[in-house]
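J.: Requesting a structural model of the entry that follows:
(one chain, ligands or ions: 2)
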Amino acid sequence: MDQIHFFILALLPLSVFIPTTSAQLRQNYYSNICPNVESIVRAAVTQKFQQTFVTAPATLRLFFHDCFVRGCDASVLLASPSGNAERDHPDDISLAGDGFDTVIKAKAAVDRDPSCQNKVSCADILAMATRDVVALVGGPFYEVELGRRDGRISTKASVQRRLPQPSFHLDQLNTMFASHGLTQTDMIALSGAHTIGFSHCSKFMRRIYKFRGKSIDPTVNPSYAKQLRQMCPLNVDPRIAINMDPTTPQTFDNAYFRNLQQGMGLFTSDQTLFTDARSQGTVNLFAANNTAFQQAFITAITKLGRVDVKTGNQGEIRHDCSVVN
Ligand code: HEM
Ligand SMILES: *[C@@H]1O[C@H](CO)[C@@H](O)[C@H](O)[C@H]1NC(C)=O
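T.: Ligands and ions are numbered 1, 2, ... in the order given. Next up, the predicted model:
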């Protein structure tokens with residue numbers, strides 16, 4: 001009895017130093033370590049954005065794909081000489097290079113400050129850059145939580161079945177988002193990210209052409225389908241990418257949800273949010289009230305940024321975002 005008691009007491013102080021996955025991120029995490037980190041990142045991201053608009057959608061999508069595979073640990077940024085990293089998986093191969101470049105440039109800017117060198121994780125830089133691009137394209141500004149550490153593992157295999165497909169219907173979307181603690185409302189708000197950016201034709205061809213006797217998707221607005229067929233003919237160049245939000249493609253607004261009301265969602269996974277009675281009310285709310293959408297987006301992207309994060313002494317602070325230390 002006494003011996004057991006002694007052991008518990010002896011172990012107790014130790015447990016304080018054992019990191020747990022429930023460790024919290026927080027705002028201003030770097031205030032004593034690298035007080036200017038947020039302005040350094042913002043300046044680098046703004047400069048990159050001024051060079052090319054793609055910076056914004058590319059960075060936002062990169063953050064999402066990072067968080068859904070092994071958590072928000074910058075594992076998506078790791079490169080593999082043998083082509084076996086996350087970014088080599090078919091679901092990640094279309095991630096635009098400008099997203100990776102944004103993080104690399106922001107990291108270089110941070111590391112040019114001697115007090116910050118090798119002290120800010122690539123995962124946190126991606127989270128800050130994502131917050132900044134959303135604001136740059138007219139979306140809401142929010143305080144970003146920090147304190148993530150970088151992962152040391154990135155494999156092609158770990159991407160398999162971890163990212164939503166454009167063919168998904170509501171239940172499949174909900175199941176996948178729920179597995180990361182995200183609600184249906186979070187999922188709908190995050191899908192609003194498709195208010196900016198581009199898609200290759202192959203991702204929605206099955207909806208707008210008859211294939212093997214399957215008819216055209218009746219939930220696509222017929223005149224939108226016609227426009228899409230003009231931009232994406234059957235023998236289209238696979239490099240062609242079109243705007244996902246046909247109305248305000250360069251603005252982060254709730255036009256995405258008004259498009260869904262018109263049958264102008266590009267993917268099945270977009271249009272199902274309006275077609276399915278269980279999610280239509282939220283789409284109508286976000287379509288009518290941009291403030292409600294923005295608030296829900298901030299809540300959801302903050303929750304997304306907490307998914308399976310490494311903190312404390314887990315992982316590392318990578319020196320070069322594309323290779324482990
Ligand atoms: C709900 C399930 C989702 C599905 C099925 C999905 C699927 C896709 C697909 C197929 C593309 C086009 C890729 C290409 O052809 O290059 C795309 C682009 C994009 N997605 Fe999603 N996505 C989803 C959710 C999200 C979320 C949660 C975010 C971010 C919060 C996001 C942000 C983006 C952005 C910004 C682009 C444009 C990328 C660019 O222009 O480079 N998506 N998505
Ligand atoms: C829009 O949503 C916001 C935030 O939920 C709410 O405070 C506001 O009252 C709503 N506006 C209208 C016109 O319903």
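
J.: ranges for the helices of this protein?
T.: Using DSSP state H, the helices assigned to the chain run over residues 2-15, 37-51, 55-68, 97-112, 122-136, 170-178, 184-191, 205-208, 222-231, 255-261, 268-275, 277-288, 290-304.

J.: Least reliable of those by average pLDDT, please.
T.: Ranked by mean pLDDT, the helices of the chain bottom out at helix 2-15, with a mean of 45.

J.: what residues does the stretch 151-300 of the chain put near ligand 2?
T.: Residues of the stretch 151-300 of the chain lying close to ligand 2 (CB under 6 Å from any ligand atom) are 289, 291-292, 295. C-beta here means a position set from N, CA and C on the backbone, and glycine is covered the same way.

J.: Going by distance to Gly83, which of the residues you listed wins?
T.: Nearest to Gly83, judged by CB to CB, of these is Gln295 at 41.4 Å.

J.: Kindly tell me how buried that closest one is, as a neighbour count.
T.: By other CB atoms under 10 Å, the residues close to Gln295 number 14.

J.: number of nearby residues for the closest residue to it other than its chain neighbours?
T.: Sequence neighbours aside, Pro140 is the residue nearest to Gln295 in space, at 7.8 Å (criterion: CB to CB, 6 or more residues apart in numbering). As a burial measure, Pro140 scores 16 neighbours (other CB under 10 Å).

J.: Surely Phe286 touches Asn254?
T.: Yes: counting by CB atoms under 8 Å, Phe286 does reach Asn254; the two are 5.4 Å apart.

J.: Find me the pLDDT at the residue nearest to Gln295, would you?
T.: Looking at Pro140, the pLDDT reads 98.

J.: quick one: contacts for it?
T.: Applying CB atoms under 8 Å, 6 or more residues apart in numbering to Pro140 gives the contacts 134, 294-295, 297-298.

J.: Can you report how many residues lie near His180?
T.: By other CB under 10 Å, neighbour count at His180 equals 17.

J.: Contacts only, for the closest residue to it other than its chain neighbours.
T.: Excluding the flanking residues, the one nearest His180 by CB to CB, 6+ apart is Val307, at 4.8 Å. Contacts of Val307 were listed using CB under 8 Å, 6+ apart, and they are 67-68, 71-72, 180-181.

J.: Next: Tyr224.
T.: 246, 262-264.

J.: Buried residues, stretch 96-108. List them.
T.: Residues of stretch 96-108 classed as buried under the neighbour-count rule (16 or more other CB atoms under 10 Å) are 96, 98-107.

J.: quick one on the thing from earlier: kindly indicate the member of the contacts of Tyr224 with the most neighbours.
T.: Met264 (23 neighbours).

J.: Out of the contacts of Tyr224, flag the one nearest to Asn84.
T.: Nearest to Asn84 among the contacts of Tyr224: Pro246, at 37.3 Å, using CB to CB.

J.: do you know how far Asn284 is from Arg148?
T.: If you measure Asn284 against Arg148 using CB to CB, to the nearest Å, the figure is 35 Å.

J.: Tell me how many other residues crowd Met244.
T.: 22.

J.: which parts of the stretch 101-250 of the chain sit against ligand 1?
T.: So the stretch 101-250 of the chain meets ligand 1 at 164-166, 168, 173, 190-191, 193-194, 196-200, 203, 241 (CB under 6 Å from any ligand atom).
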